[in-house]
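1. below: sequence and its predicted model.
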Amino acid sequence: MGRHVDDRGFNPVDRQRYRNKMQRGLDALARMLADGNFSFPRQQMGLEMELCLVGPGMEPSMSNAEVLEKIDEPAFTTELGQQNIELNVEPRVLAGDSALQLEDRMRAALRRADDSAHDTGAKIVMIGTLPTLRSAHFDPGWLSRNPRYSLLNEQIFLARGEEMLLDMEGEPLGEGYHSERLHSYANSILPESACTSVQLHLQVAPEDFAAHWNAAQCLAGVQVAIGANSPFLLGKALWHETRIPLFLQATDTRPVELKNQGVRPRVWFGERWITSIFDLFEENVRYFPALLPDPEEEDPVAALDAGRAPTLAELRLHNGTIWRWNRPVYDLVDGVPHLRIENRVLPSGPSVVDIVANAAFFYGAQRALTEQDRPLWTQMSFAAAEENLFSGARSGFDAHLYWPGTGWVAPDELVMRRLLPMAHEGLRACGVSDEARERYLGVIEQRCLARRNGATWQRETVARLEERGANRHEALTRMLEHYIALADGGDPVHTWPVG
């Protein structure tokens, strides 16, 4: 979705031509995979982080154009809503002290950006869902001023034919609380802008892609359970990681009748283990109509015949409108193609060290799973992996996850007993330094021992404030002020005091 798309309508000829071009792209990709045409000099990681802007009173600040002008750094870009910006971190090797350097670079970049945002009266927040958002902030007028966002909004609503329904029931905030339910309609895709996430990229060799993707699918439920940071939306206490159901509902092109027919959602976990990255791109073309059928002139097969790596522009644009929780990526750098996995389950925040710790845990555990003699995904149904994702998102540390050889287990117990030793082993295999490995996996260990992530801290703090007489709006506002101060302090969330 990153490339420019003109703000225009599409006709049936566009759609047929686009479908044909995607099929040509699949033909070219199949040839490239068979011929080994991909670059893989060394394993590299990358990171994107979506951020929120708040103003006085902790209200969303609809000022991303002004803030980005002040920041004036190419690493910071626009996002869907005017209260959002995104930080794109330069790709780097995974080995050595790279994670330590990543933490330093992110801190410095965010400090500079926050200083610039301050000049506009805004403050940058790393959080999964901004708890002070209201329904009024989902008005289409608050879409960022970029043609691709308004066009995407138009096409999703044309496909759906009716307003978006946000409907979810949450977990009780604490003892003595009842579960809360959100039932709200939106006339834009802007509820998606409430889903501020961290996306982890890992470059992999084509022959290793399937194992890495399958491993990432196995880990998704654990990741979200121990990293949850999105417990409030529109004033309601909902899932520990409300981003997961919110993203699905906010971009759903299916009216009720198509859901009842079993039509697949565009925010998708998938439905099977894979044997090649080709499986994922082929499913995208087979199952999902193009939302933005904007074909380019290049013939990908002709480009291959001429000795050039094709851009696969149509496949890539289409892939950007299907939001898999672990997305396949085909990309070119200086005309040389490579493949990446984009892991999308994690929320933004709470602190920079928490974000890097989440990344280290994921990369380490993923690597260890790919090297097991008997792959985990041969012992576990795909449906169980998907159920883990939704259970971890709903209940966080209180979830019950299924794991082969262990059965049903709490996330913290699973991490401490099985996955943390594997993550250490995997990071060693990746060449990560002992200092980096111990620092970041130590954060994960202590988080699990404390059973405190961003979601539990937010929920406990709001409950405490309400017990002292604050109403929900006051509690959310004061909680967010405290959250920002602690996040700026830089300590991991498991050390944050509740109050």
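-> Right, received. Where do you want to start? Residues are numbered from 1 along each chain as shown.

2. please make it C-alpha for all contacts and neighbour counts, starting now.
-> Noted.

3. so what touches the strand or helix carrying Val353?
-> In this assignment (DSSP states H and E), Val353 forms part of helix 352-370. For helix 352-370, contacts defined as CA atoms under 8 Å, 6 or more residues apart in numbering pick out 99, 102-103, 106-107, 198, 200, 211-212, 215-216, 219, 223, 227, 348-349, 375-376, 419-420, 422-427, 429-430, 437, 439-441, 443-444, 487, 490-493.

4. try stretch 163-177
-> Here stretch 163-177 has contacts from 157, 178-189, 237-240, 245-246, 249-250, 252, 394-395, 459-460, 463, using CA under 8 Å, 6+ apart.

5. for that stretch, how far is the first residue from the last?
-> 31 Å (CA to CA, to the nearest Å).

6. can you mark which positions in it are buried?
-> Met164, Leu165, Leu166, Met168, Gly170, Glu171, Pro172, Leu173 (16 or more other CA atoms under 10 Å).

7. averaged pLDDT, that stretch. What do you get?
-> For stretch 163-177, the mean per-residue pLDDT is 94.

8. is Val93 in a bridge, and if so with what?
-> Val93 has the following beta-bridge partners by DSSP bridges: Gln44.

9. residues contacting it?
-> Contacts of Val93 by CA under 8 Å, 6+ apart are Arg42, Gln43, Gln44, Met45.

10. does Trp408 touch Tyr402 like I think?
-> Yes. Counting by CA atoms under 8 Å, Trp408 touches Tyr402, with 4.5 Å between them.

11. the strand or helix carrying Ala383 - contacts with which helices or strands?
-> Per DSSP H and E, Ala383 falls inside helix 382-395. Packed against helix 382-395 by the contact rule (3 or more CA pairs under 8 Å, 6 or more residues apart in numbering; DSSP states H and E) you find helix 209-227, strand 401-403.

12. now the element after the longest one, going C-ward?
-> Downstream of helix 209-227, the first helix or strand assigned by DSSP H and E is strand 232-233.

13. so where do the strands sit in the stretch 251-400 of the chain?
-> 267-268, 323-324, 326-333, 336-347 (DSSP state E, counting those that start in this stretch).

14. centre of the chain to the first one, how far?
-> Meaning strand 267-268. Strand 267-268 has its C-alpha centroid displaced from the chain centroid by 11 Å (CA atoms, centre = their mean, to the nearest Å).

15. what do you get for stretch 236-247?
-> 13 Å.

16. what lies in contact with that stretch?
-> 128-129, 166, 168-173, 179-182, 191-192, 194-196, 224-225, 228-233, 267, 345, 347, 390, 392-396, 455-456, 459.

17. only alpha carbons, please: show that stretch as CSV.
-> Written as CSV, here are the backbone C-alpha positions of stretch 236-247 (Å, rounded to 0.1, in the frame of the first residue of the first chain):
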residue,chain,number,x,y,z
LYS,A,236,-14.9,0.7,27.0
ALA,A,237,-12.6,-1.9,28.6
LEU,A,238,-12.5,-4.5,25.9
TRP,A,239,-9.9,-7.2,25.0
HIS,A,240,-6.4,-6.9,26.3
GLU,A,241,-5.3,-6.5,22.7
THR,A,242,-8.4,-4.9,21.2
ARG,A,243,-6.5,-4.1,18.0
ILE,A,244,-7.0,-7.7,16.9
PRO,A,245,-10.8,-7.7,16.5
LEU,A,246,-10.9,-4.0,15.8
PHE,A,247,-8.6,-4.3,12.7
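
18. what's next to the helix holding Ala383, contact-wise?
-> In contact with helix 382-395 (CA under 8 Å, 6+ apart) are residues 170-171, 217-222, 224-226, 228, 238-242, 244, 269, 271-273, 399-402, 411.

19. give the buried residues for it.
-> Phe382, Ala385, Glu386, Glu387, Asn388, Leu389, Phe390, Ser391, Gly392, Ala393, Arg394, Ser395.

20. and it with strand 336-347, angle?
-> Using axes from the mean of the first three to the mean of the last three CA atoms, to 10 degrees, the inter-axis angle of helix 382-395 relative to strand 336-347 is 50 degrees.

21. make CSV from the buried residues of helix 382-395 and add pLDDT to it.
-> Formatted as CSV, those follow (pLDDT from 0 to 100):
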residue, pLDDT
Phe382, 98
Ala385, 98
Glu386, 98
Glu387, 98
Asn388, 98
Leu389, 98
Phe390, 98
Ser391, 98
Gly392, 98
Ala393, 98
Arg394, 98
Ser395, 98
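
22. in JSON lines: those residues, plus distance to Gly57.
-> Shown next, in JSON lines, are the buried residues of helix 382-395 (distance: CA to CA, whole Å):
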{"residue": "Phe382", "distance to Gly57": "45"}
{"residue": "Ala385", "distance to Gly57": "41"}
{"residue": "Glu386", "distance to Gly57": "39"}
{"residue": "Glu387", "distance to Gly57": "38"}
{"residue": "Asn388", "distance to Gly57": "37"}
{"residue": "Leu389", "distance to Gly57": "34"}
{"residue": "Phe390", "distance to Gly57": "33"}
{"residue": "Ser391", "distance to Gly57": "34"}
{"residue": "Gly392", "distance to Gly57": "32"}
{"residue": "Ala393", "distance to Gly57": "29"}
{"residue": "Arg394", "distance to Gly57": "29"}
{"residue": "Ser395", "distance to Gly57": "30"}
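
23. thinking again about what came up before, can I get the strands of the stretch 251-400 of the chain in CSV including mean pLDDT?
-> As requested, these are arranged in CSV below (pLDDT from 0 to 100):
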stretch, mean pLDDT
strand 267-268, 96
strand 323-324, 98
strand 326-333, 96
strand 336-347, 97
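
24. looking at those strands, which is buried most?
-> strand 336-347 (a mean of 22; mean count of other CA atoms under 10 Å).

25. what packs against that strand?
-> Against strand 336-347 (3+ CA pairs under 8 Å, 6+ apart) you get strand 197-204, helix 209-227, strand 326-333.

26. ok, back up a step: Trp408 and Tyr402 - which one has more neighbours?
-> Tyr402 (22 against 13; other CA atoms under 10 Å).

27. list the contacts of Ala428.
-> Actually, residue 428 is Arg. It isn't Ala. Asp434, Arg437.

28. check Asp139 too.
-> Asp139 neighbours (CA under 8 Å, 6+ apart): Ala186, Asn187, Ser188, Leu190.

29. so how many other residues sit close to the residue nearest to the third one when sequence neighbours are not counted?
-> For Ser188, the nearest residue in space outside its immediate sequence neighbours is Pro140; the separation is 5.4 Å by CA to CA, 6 or more residues apart in numbering. Residues within reach of Pro140, counting by other CA under 10 Å, total 16.

30. quick one: contacts for Pro140?
-> Counted by CA under 8 Å, 6+ apart, Pro140 has contacts Asn187, Ser188, Ile189, Leu190.

31. and the second one, what pLDDT?
-> With respect to pLDDT, Ser188 has a value of 97.

32. shouldn't it be within a strand?
-> No. Judged by DSSP: H, G, I helix; E, B strand; the rest coil, Ser188 forms no part of a strand; its state is coil.

33. which ones are touching it?
-> Here Ser188 is in contact with Phe138, Asp139, Pro140, Asn153, Phe157, Glu163, Met164 (criterion: CA under 8 Å, 6+ apart).

34. let's see that with 10 Å instead.
-> 138-143, 150, 153-154, 156-157, 163-164, 250-251 (CA atoms under 10 Å, 6 or more residues apart in numbering).
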